[in-house]
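[1] okay, sequence plus prediction incoming.
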Amino acid sequence: MPGLIGAIGLEKNHPLDLAIFQQMLELVSHRPWYQQDIYIDDAQSIALSRIHLNILDQDKQPYLYNNDMIKIFMYGEIFNDEVANSHPIDFIADRYGKLGADFVKHLNGSFIIVIIDDLQDCIIIANDRTATRPLFYFSDGKVLYFASELKALLRIPSLRKEINQAAVASFLTAGYYLNGLTLIEDINTLDNASILYLKNGQISFRQYWNYTFEEAPMDRGWSYYQKILAELLHVAVKRRTRTDHRYGILLSGGYDSRGILGCYLEAQKDQAVTTISWGRTRDIPYSDCAVAQHVADTLGTNHIFYQLNPEGFPQHLYDFVYLHDGLTDACGNYPESVKIFQRIREELAVQIILRGDECFGWVSTAFDQKSVFKTLGIENFEDLDCFRPLFRDDNWFVLRMVYQQLLDDISSRCHLKELHNRKDFFYLDQRLRYYLNPLNSLKSVEVEVRNPYIDNDILDFVSKLPVRYRKDKALYKRTVKQMFRPFFSEVAIQSDAIDWNYSIKQSSILREFFRQEFSKGSFILDSLLKDKSLDNILHNITETRQKNSLKSFMCLWGGKYPNLYHGLKQKYMMAQRRWSNDPATISYERLMFRLLTLRIWESLFLS
């Protein structure tokens, strides 16, 4: 995805290899219509570029201040009310001039900023509170390299391409890279709310903000909090829709998107908006797409439904892993890679997508630290029986140990005691940052994405909420239902996402694709696996796990009675989420996606 790309010598006059820098640019320039702002200073050993969609801030960068002694690059946006009628870079320059590196504490937005300060002889790289735009970096002791995409760093000759075993265990267990790990040992992810400070050849880091919750705040009652939250929602959406662009809202059958839509319609009464949903079908009663269509019909929005085709998966999987850097196991959510977002841009002329993430409290109940992680899909490696047949005993032991150390490191990030506070902390600290943010960034290959709910004022408000208002997003749900009663007559209780277990059983195209892919093996896993034939391993795991399961019974009859199968599957999955004492499991298809992603990532970037 677009962003900032840079190579900075830790010593002045250190010669930069501009051919490497050019390769970094080429690897993230996915579309011919992208714009590049390039700045090269040989004397200061600096090479920087902003690559963007030419939708936001179309002026050339860097911006120059104080007789060209301060240069500012920014990828992203600032939503402070003070910049509504002025240029955001002027606001940044003013705050930096008064506060130095602490300027970033006062920014409300989604951004990565680089400031080259020749007056102070330093360079600052800073990101927003929730690291909405990922940034990867690597230093070989002579040059600091950074990029918005991991792949851009893999061409650096001095990079040791050593596989991080904790990252492998993390991805196989959780489906994404916990705690900012990457598959390559020496490549790091910039932490949220961070200031990277480069001066005199030394790199230092400082975190200016972090997620927290008050342990025992005064409870002021439902009406008090509802009134404040309603106003905050309106303000947050208004801040993100004040530019003159064509907007689209990803509409589902849940609460987040409808809250954004309601606020948008009130803030932009005269502006049309396109609502968008996608799934395998919109004909399932009370499903996300069916409810979204009903809401759109009620409100009269221009609603577009895109049908997903699981058999398009083989054609687009490599593209998805390449564009997404293989950061999550979500390839099954996007079987046609980013083609939907390309169609949204080309067919609907949408420039900016509005979407929501759950910062109002995570669902499910926690009983201990283990169940806190379990609610977020972060299982214990040793509890997953499906891994024992995969790895040789010695490797299984090592992966278990490094993964447990990783969980301990994650746990130590939070000093809160109350379990639901810890659960909500880890949702924001891990799942939002390392799963949802990369998926949002993937959309920015084609369109810009704004998340109104990740607003500083909302985050501050939620941090002071008593636990009972955050359990199952109780306050948010009650507030938006009261704000927009006409289109909350129904909530989705069925899924219309692709049922991969069912689709694979029904499609010879998919089965043959997976057979061929798994037969290729994987460098990343070859040294760890007990049996190099991954298709045999997966077959054995599936047979073992499904012999006595309800899911096996449903799959057996799914081909004969698909409507019954899909209905039963929803009830099964809802029950499974509530049975907190269930043994840890990973579905066959989810494990398959994780193994496939690792294998394809290796073939694309390490071969």
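    Yep, it's here.
[2] drop to CA atoms for contacts and neighbour counts, all remaining ones
    Noted.
[3] tell me the domain ranges of the protein?
    Using automatic domain parsing, the domain parsing of the chain gives 3-207, 222-361+414-487, 499-605.
[4] closest to residue 377 out of these?
    Checking the domains of the chain against residue 377 by CA to CA gives domain 3-207 as the closest, at 5.9 Å.
[5] and that closest one, how far apart are its ends?
    Start-to-end span of domain 3-207 (CA to CA, to the nearest Å) is 21 Å.
[6] next: stretch 184-199.
    Stretch 184-199 end-to-end distance (CA to CA) = 26 Å.
[7] buried ones in that stretch?
    For stretch 184-199, a neighbour-count test (16 or more other CA atoms under 10 Å) marks 184-198 as buried.
[8] ok, stretch 272-283 next?
    Those would be 273-282, for stretch 272-283 by 16+ other CA under 10 Å.
[9] helix, strand, or coil at residue 363?
    coil (DSSP: H, G, I helix; E, B strand; the rest coil).
[10] need phi/psi at the residue nearest to it when sequence neighbours are not counted.
    Nearest residue to residue 363 in three dimensions, chain neighbours excluded: residue 472, at 4.2 Å (CA to CA, 6 or more residues apart in numbering). Note on residue 472: backbone dihedrals following degrees, to the nearest 10 are phi 50, psi 30.
[11] residue 472 against residue 364, yeah?
    Yes: using CA atoms under 8 Å, residue 472 is in contact with residue 364, at 6.5 Å.
[12] more neighbours: the two, which one.
    Taking neighbours as other CA atoms under 10 Å, residue 472 and residue 364 compare with residue 364 leading, 18 against 15.
[13] per-residue confidence at the more buried one?
    Residue 364 carries a pLDDT score of 74 in this model.
[14] for it, grab phi and psi.
    Given degrees, to the nearest 10, the pair of backbone angles that residue 364 has is phi 80, psi 160.
[15] follow-up on the earlier one: farthest-separated two in the buried residues of stretch 272-283?
    Pairwise distances across the buried residues of stretch 272-283 (CA to CA) peak at 23.6 Å, for the pair 273 and 280.
[16] over to residue 304. Which of the three states is it?
    Here residue 304 is strand, with the state taken from three-state DSSP.
[17] and for it, the neighbour number?
    The number of residues near residue 304, taken as other CA under 10 Å, comes to 18.
[18] can you pull the pLDDT of it?
    Reported pLDDT for residue 304: 96.
[19] and the helices in the stretch 1-150 of the chain, which stretches?
    Counting by DSSP state H, counting those that start in this stretch, the stretch 1-150 of the chain has these helices, from start to end: 18-28, 88-99.
[20] with the stretch 451-600 of the chain instead?
    So, for the stretch 451-600 of the chain - with DSSP H, counting those that start in this stretch - the helices run 456-463, 467-470, 474-483, 500-506, 508-519, 523-526, 534-546, 550-558, 562-578, 588-605.
[21] the inter-axis angle of the last one versus helix 508-519?
    Yep, that's helix 588-605 we're talking about. 60 degrees (axes from the mean of the first three to the mean of the last three CA atoms, to 10 degrees).
[22] so which other helices or strands are in contact with helix 588-605?
    helix 165-174, helix 313-324, helix 500-506, helix 523-526, helix 534-546 (3 or more CA pairs under 8 Å, 6 or more residues apart in numbering; DSSP states H and E).
[23] gap between the third one and the chain center?
    Computed by CA atoms, centre = their mean, to the nearest Å, the separation of helix 500-506 from the middle of its chain amounts to 26 Å.
[24] mean confidence for it?
    The average pLDDT within helix 500-506 is 87.
[25] can you list the buried residues in it?
    Those would be 500, 502-504, for helix 500-506 by 16+ other CA under 10 Å.
[26] just the closest of the buried residues of stretch 272-283 to residue 315, please.
    Nearest member of these to residue 315, counting by CA to CA, is residue 280, at 17.3 Å.
[27] correct me if wrong: that closest one contacts residue 305.
    No: the criterion here is CA under 8 Å, and residue 280 misses it with residue 305 at 10.1 Å.
[28] which neighbours do the two share?
    Counting by CA atoms under 8 Å, 6 or more residues apart in numbering, residue 280 and residue 305 have no common neighbour.
[29] distance check, residue 293 against residue 199.
    According to CA to CA, residue 293 and residue 199 sit 55 Å apart.
[30] related to what we said a few turns ago, any idea which of the helices and strands packed on helix 588-605 is most buried?
    Of all the helices and strands packed on helix 588-605, helix 165-174 has the most neighbours on average by mean count of other CA atoms under 10 Å, namely a mean of 24.
[31] return the list of helices and strands in contact with it.
    helix 393-412, helix 588-605.
[32] over to residue 366: give its phi and psi.
    The phi/psi pair for residue 366 (degrees, to the nearest 10) is phi -110, psi 140.
[33] contacting residues for the residue nearest to it when sequence neighbours are not counted?
    Distance criterion CA to CA, 6+ apart; nearest residue to residue 366, sequence neighbours excluded, is residue 372 at 5.0 Å. For residue 372, the contacting residues are 365-366, 419-420, 422-423, by CA under 8 Å, 6+ apart.
[34] highest neighbour count among those residues?
    Neighbour-wise, the contacts of residue 372 (other CA under 10 Å) top out at residue 423, 27 neighbours.
[35] wait, isn't that one in contact with residue 374?
    No: taking CA under 8 Å as the definition, residue 423 is not a contact partner of residue 374, at 9.5 Å.
[36] which residue is most remote from the mean position of the chain?
    Here the chain reaches farthest from its C-alpha mean at residue 67, the gap being 39.1 Å by CA atoms, centre = their mean.
[37] next, that residue: phi, psi?
    Phi and psi for residue 67, reported as degrees, to the nearest 10, are phi 60, psi 40.
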